[in-house]
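Participant: Mind looking at a prediction? Sequence and model below.
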Amino acid sequence: MLHNDDQEKIVSHNERKDFLLVYYSGSGSTKAISEVFKRKLSRLGFKFEMIDLNIHTKPQVIDDFDYIVFGTPTYHCSPPKTVTEFIDKLSYQNTLKKIFIFATYGLYPGNNIRTIAKKLLSKNIICVGSAGFKGPAADSTMMLPQWIGLMYRYERRIKPKLETAVKQIEETFLSKDIEQKIPVFKWYVPLDYIPNQIFARRKFNNVYRNQLELITDRWDGSMIQCPRNCWTVSKGQVAYDPSNCEFCLRCIHRTANKAVVFSDKMKDRPRLDPEFYAKILTNTVY
């Protein structure tokens, strides 16, 4: 519960700059959690800009903000290429900025947040807090047996973890002190390197992403969603270029009628589309 003076600090936007909530989302889990943050932080009186990151996002979007909430998925215990490319484009900030980083992941987060926090530190952007949320796995739901239900839901503690994260954002935003909080190195990540980084990632990059295809009989003619512009539609013709694909699977989960696949075995599997996330969040978070 906030004291009256803290409440006045929150609602008095003349005393502070609004902050930026920027996120990158593949199939939709990170976007869904970002929407939860938007809802909860808005109820506290915060006003902020919200940006869905893609390869065209200009690094200047952060210029007018002293505090940033940054959301990312986790790919093979690491940050997505889209996220690292964006950070690399950022210039060194003359005025120190604070950032709260959250990550979604299907199995475990690895050193994803730590890697991002250290890269941002070189830009004079200080990580003041972080959180990880285990949720639906965009790739596993298309590959593993469907009876493994945990692939389709968020962790049981998702609601209290979100409340804790909102409180951390609130406190670190209002505080004049800046305490750096980079997550500690997770010991299991080197053990995971061979099975995950070498075999799994190579399989995704060298096999699965090259097998992505459109089932034309199912396609309704709409644009195929891709944050890296791998799919283009012109005059009713579809072209796919795998060279820039990081296998985020947005095209799989967001294209209508299950029209994009990378194997026949997964063509009729349930997709993690916006309706799926709306339902799961209503049942577990709201």
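Facilitator: That came through fine. Predicted model only: the values in this text are computed from it and were never measured.
Participant: CA atoms for contacts and neighbours, from now on please.
Facilitator: Noted.
Participant: pLDDT-wise, which helix or strand of this protein ranks last?
Facilitator: Ranked by mean pLDDT, DSSP states H and E, the weakest helix or strand in the chain is helix 4-11, scoring a mean of 41.
Participant: Would you state the helices of the stretch 1-150 of the chain in chain order?
Facilitator: Ranges of helices within the stretch 1-150 of the chain are 4-11, 29-43, 81-89, 112-121, based on DSSP state H, counting those that start in this stretch.
Participant: so what's residue 84 up against?
Facilitator: residue 116 (CA atoms under 8 Å, 6 or more residues apart in numbering).
Participant: one step back: give me whichever of the helices of the stretch 1-150 of the chain is most buried.
Facilitator: Sort those by mean neighbour count, taking mean count of other CA atoms under 10 Å, and helix 112-121 sits at the top with a mean of 21.
Participant: which regions of the protein lie under the pLDDT threshold?
Facilitator: Where the chain drops to pLDDT under 70, the residues are 1-17, 193-194, 197-198.
Participant: now the strands for it?
Facilitator: All strands of the chain, identified by DSSP state E, fall at 19-23, 48-52, 67-73, 97-105, 125-134, 213-214, 231-234, 237-240, 260-261.
Participant: Now tabulate those strands in a markdown table and tack on mean neighbour count and distance to residue 147.
Facilitator: As requested, these are exported to a markdown table (neighbours: other CA atoms under 10 Å; distance: least, CA to CA, whole Å):
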| stretch | mean neighbour count | distance to residue 147 |
| --- | --- | --- |
| strand 19-23 | 22 | 31 |
| strand 48-52 | 15 | 32 |
| strand 67-73 | 25 | 24 |
| strand 97-105 | 24 | 19 |
| strand 125-134 | 22 | 18 |
| strand 213-214 | 18 | 26 |
| strand 231-234 | 13 | 32 |
| strand 237-240 | 13 | 32 |
| strand 260-261 | 24 | 20 |
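Participant: could you redo these as a markdown table and give each row distance to residue 80?
Facilitator: Converted to a markdown table, the strands of the chain look like this (distance: least, CA to CA, whole Å):
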| stretch | distance to residue 80 |
| --- | --- |
| strand 19-23 | 12 |
| strand 48-52 | 14 |
| strand 67-73 | 7 |
| strand 97-105 | 11 |
| strand 125-134 | 15 |
| strand 213-214 | 22 |
| strand 231-234 | 18 |
| strand 237-240 | 20 |
| strand 260-261 | 21 |
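Participant: Residue 284: neighbour count?
Facilitator: Neighbourhood size, residue 284 [other CA atoms under 10 Å]: 14.
Participant: ok, back up a step: make JSON lines from the helices of the stretch 1-150 of the chain and add distance to residue 246 to it.
Facilitator: JSON lines is the format used below for the helices of the stretch 1-150 of the chain (distance: least, CA to CA, whole Å):
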{"stretch": "helix 4-11", "distance to residue 246": "39"}
{"stretch": "helix 29-43", "distance to residue 246": "16"}
{"stretch": "helix 81-89", "distance to residue 246": "7"}
{"stretch": "helix 112-121", "distance to residue 246": "16"}
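Participant: Residue 247 against residue 209, yeah?
Facilitator: Yes - Residue 247 is within contact range of residue 209, at 6.0 Å (criterion: CA atoms under 8 Å).
Participant: re the thing from before, for residue 105, which of the helices of the stretch 1-150 of the chain is the nearest?
Facilitator: helix 29-43 (8.6 Å; CA to CA).
Participant: With only the CA atoms kept, save that closest one in PDB.
Facilitator: Output in PDB follows, covering the C-alpha atoms of helix 29-43 (Å, rounded to 0.1, in the frame of the first residue of the first chain):
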ATOM      1  CA  SER A  29       4.300 -14.400 -24.800                       C
ATOM      2  CA  THR A  30       6.500 -11.300 -24.100                       C
ATOM      3  CA  LYS A  31       3.800  -9.100 -25.700                       C
ATOM      4  CA  ALA A  32       1.200 -10.600 -23.400                       C
ATOM      5  CA  ILE A  33       3.300 -10.000 -20.300                       C
ATOM      6  CA  SER A  34       3.900  -6.400 -21.500                       C
ATOM      7  CA  GLU A  35       0.200  -5.900 -21.800                       C
ATOM      8  CA  VAL A  36      -0.200  -7.000 -18.200                       C
ATOM      9  CA  PHE A  37       2.500  -4.500 -17.100                       C
ATOM     10  CA  LYS A  38       0.700  -1.800 -19.000                       C
ATOM     11  CA  ARG A  39      -2.600  -2.600 -17.300                       C
ATOM     12  CA  LYS A  40      -1.200  -2.800 -13.800                       C
ATOM     13  CA  LEU A  41       1.100   0.300 -14.100                       C
ATOM     14  CA  SER A  42      -1.600   2.400 -15.600                       C
ATOM     15  CA  ARG A  43      -3.800   1.600 -12.600                       C
END
